[in-house]
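Chemist: Here is a sequence with its predicted model. Questions after.
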Amino acid sequence: MSAEEDYQHMARALRLAQRGLYTADPNPRVGCVLVNRGAVVGEGFHARTGEGHAEVIALQAAAAQAKGATAYITLEPCCHHGHTPPCTEALIAAGIVRAVIAMRDPNPQVSGQGVAVLQTHGIDVVEGVMAEQAAALNPGFISRMQHNRPWVRIKSAISLDGRTAMASGESQWISGETARHDVQLLRARSGAVFTGIGTALADDPGLNVRLSAEQLGIEGEVRQPLRVVIDADLKLSPEAKLLQLPGESIIFTVAHDDAQHTDKMESLQQAGAAVITAGDEQACIDLPLALRLLAERGVNELQVEAGSRLVGSLFSAGLVDELVIYLAPHLMGDAAQGLVHIPAIDSMSKRVPLRWRDVRKIGDDLKIVAIPEQ
């Protein structure tokens, strides 16, 4: 195979992996293409946890034609027993002679070992073809494996003068319908949606995905993200909308000794929420700890839809990976609330540097994606 053909087939494997964007979580999104004598003989992608991996599905489609084929895989094949047997065993048994892998698996149980197993059995392995594109499909899985926390995406709609809500807390609707639809797509790919008690009380949000399977272009049930509220004093009502919807909710609080706090905790637990202590009364919520606990629950991408103080705390703690802003063409005035509250910034030298990743028009608004400078 020429380098051009390798890129062509890997590009197809990446498009297949994309089909697991809203369903594969907490597993990575992976695609596989099998090519024998220049012809594609099998394709597959990983759809849901517990179902077949991309390689196995492609091998089933190829059947006997897999013998002597090249496998194009967006992520290093697994070599350990999980919900399914190792994909390396399936590739070897099928008679694959060459494997082109976009990137190594960041999971320490696999990283480099899957490649080594294939090579030990005489399979020629080529790595790094379209690695950057493969990594872009799985930022959360990579972050969870390498840093033991989810990929944190701040989402906010703001006016042209940088305001996210009126002084009263009113914020519906700053952005247009097209932007709000795009937010639903971001929620659908996220493992959890994260907010603070201020936003929860002001807006009573559902924090759920309101798009159908047909609108998402998927088969089967729509996966609802975990709904997470930072609520040190347990002010959230057991009647809150987010506790009445299908799916799981977590409330992070701090340790209190008083009986009233215990009563509130029990009331929220009876409403179906998991109430987790992550900090003490003096130190407030330990955000790094909260993110580690979410990672332990398999949360890859965490979408933050919160007010300026929680957003500022995440920035101050160095826990923000991506900022997605929907900029609306109107002004809301000086009294309205701002995007981020970082009180320690008192000089230009202390600014938080960001780098543009994407800017595009979406409906009547601009969608701006920025990432913190390393």
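Modeler: Happy to help now that I have it.
Chemist: Give me the residue ranges of the stretch 151-300 of the chain where confidence is low.
Modeler: For the stretch 151-300 of the chain, residues meeting the criterion pLDDT under 70 lie at 170, 281-283.
Chemist: Show me the helices in it, by range?
Modeler: 177-189, 197-203, 213-216, 259-270, 287-296 (DSSP state H, counting those that start in this stretch).
Chemist: thinking in terms of the whole chain, how far from its middle is the last one?
Modeler: Computed by C-alpha atoms, centre = their mean, to the nearest Å, the chain-centroid distance of helix 287-296 equals 14 Å.
Chemist: hang on, the earlier thing: could I get the helices of the stretch 151-300 of the chain as JSON lines with distance to Asn36 and mean neighbour count?
Modeler: Yep, even glycine has a C-beta here, placed from its N, CA and C like the rest. Shown next, in JSON lines, are these (distance: least, C-beta to C-beta, whole Å; neighbours: other C-beta atoms under 10 Å):
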{"stretch": "helix 177-189", "distance to Asn36": "33", "mean neighbour count": "18"}
{"stretch": "helix 197-203", "distance to Asn36": "54", "mean neighbour count": "19"}
{"stretch": "helix 213-216", "distance to Asn36": "33", "mean neighbour count": "14"}
{"stretch": "helix 259-270", "distance to Asn36": "56", "mean neighbour count": "14"}
{"stretch": "helix 287-296", "distance to Asn36": "40", "mean neighbour count": "19"}
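Chemist: Quick one: those helices as a markdown table, columns for distance to Pro85 too.
Modeler: Below are the helices of the stretch 151-300 of the chain laid out as a markdown table (distance: least, C-beta to C-beta, whole Å):
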| stretch | distance to Pro85 |
| --- | --- |
| helix 177-189 | 28 |
| helix 197-203 | 43 |
| helix 213-216 | 29 |
| helix 259-270 | 38 |
| helix 287-296 | 25 |
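Chemist: Show me what the nearest residue to Ala273 once chain neighbours are set aside is bridged to.
Modeler: Of all residues not flanking Ala273 in the chain, Ser249 sits nearest, at 4.6 Å (C-beta to C-beta, 6 or more residues apart in numbering). Listed by DSSP bridges, the beta-bridge partners for Ser249 are Arg227, Ala273.
Chemist: most centrally placed residue in the chain?
Modeler: Glu301 (2.1 Å; C-alpha atoms, centre = their mean).
Chemist: my guess is it meets Arg189, correct?
Modeler: Yes. Glu301 is within contact range of Arg189, at 6.2 Å (criterion: C-beta atoms under 8 Å).
Chemist: Need the overlap of contacts for the two.
Modeler: Common neighbours of Glu301 and Arg189, using C-beta atoms under 8 Å, 6 or more residues apart in numbering, are Asp25.
Chemist: separation between the residue nearest to Ala273 and Ala328?
Modeler: 29 Å (C-beta to C-beta, to the nearest Å).
Chemist: likewise Leu16?
Modeler: Using C-beta to C-beta, we find Leu16 at a distance of 36 Å from Ala328.
Chemist: what's the answer for Ala232, then?
Modeler: With C-beta to C-beta as the criterion, Ala232 and Ala328 are 31 Å apart.
Chemist: Against Val30, how distant is Gln65?
Modeler: Distance from Gln65 to Val30, by C-beta to C-beta: 21 Å.
Chemist: And the two? Which one has more around it.
Modeler: Comparing Gln65 with Val30 by neighbour count (other C-beta atoms under 10 Å), the higher total belongs to Val30, at 30 against 19.
Chemist: For that one, grab phi and psi.
Modeler: The phi and psi torsions at Val30 (degrees, to the nearest 10) take the values phi -130, psi 140.
Chemist: Report whether the expected contact of it with Thr74 is present.
Modeler: Yes. Look at Val30 against Thr74 with C-beta under 8 Å: they come within range, at 5.3 Å.
Chemist: Contacts only, for the residue nearest to the centre of the chain.
Modeler: 25, 139-140, 150-151, 153, 189-192.
Chemist: now Arg163
Modeler: The neighbourhood of Arg163, defined by C-beta under 8 Å, 6+ apart, consists of 174, 331-333, 336-339.
Chemist: Please tabulate the residues you listed in a markdown table and include distance to Glu89 and secondary structure as additional columns.
Modeler: Output for the contacts of Arg163, formatted as a markdown table (distance: C-beta to C-beta, whole Å; DSSP: H, G, I helix; E, B strand; the rest coil):
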| residue | distance to Glu89 | secondary structure |
| --- | --- | --- |
| Ile174 | 52 | coil |
| Leu331 | 61 | coil |
| Met332 | 59 | coil |
| Gly333 | 64 | coil |
| Ala336 | 59 | coil |
| Gln337 | 55 | strand |
| Gly338 | 55 | strand |
| Leu339 | 50 | coil |
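Chemist: List only buried entries from those residues.
Modeler: 174, 332, 336-339 (16 or more other C-beta atoms under 10 Å).
Chemist: of all those, which comes closest to Arg292?
Modeler: The closest of the buried ones among the contacts of Arg163 to Arg292 turns out to be Leu339 (C-beta to C-beta; 26.1 Å).
Chemist: Quick one, grab the pLDDT at the closest one.
Modeler: Note for Leu339: predicted pLDDT of 87.
Chemist: I'd like the distance between it and Asp321.
Modeler: Leu339 sits 17 Å away from Asp321, going by C-beta to C-beta.
Chemist: again, but for Gly338
Modeler: Look at Gly338 and Asp321: by C-beta to C-beta, they are 21 Å apart.
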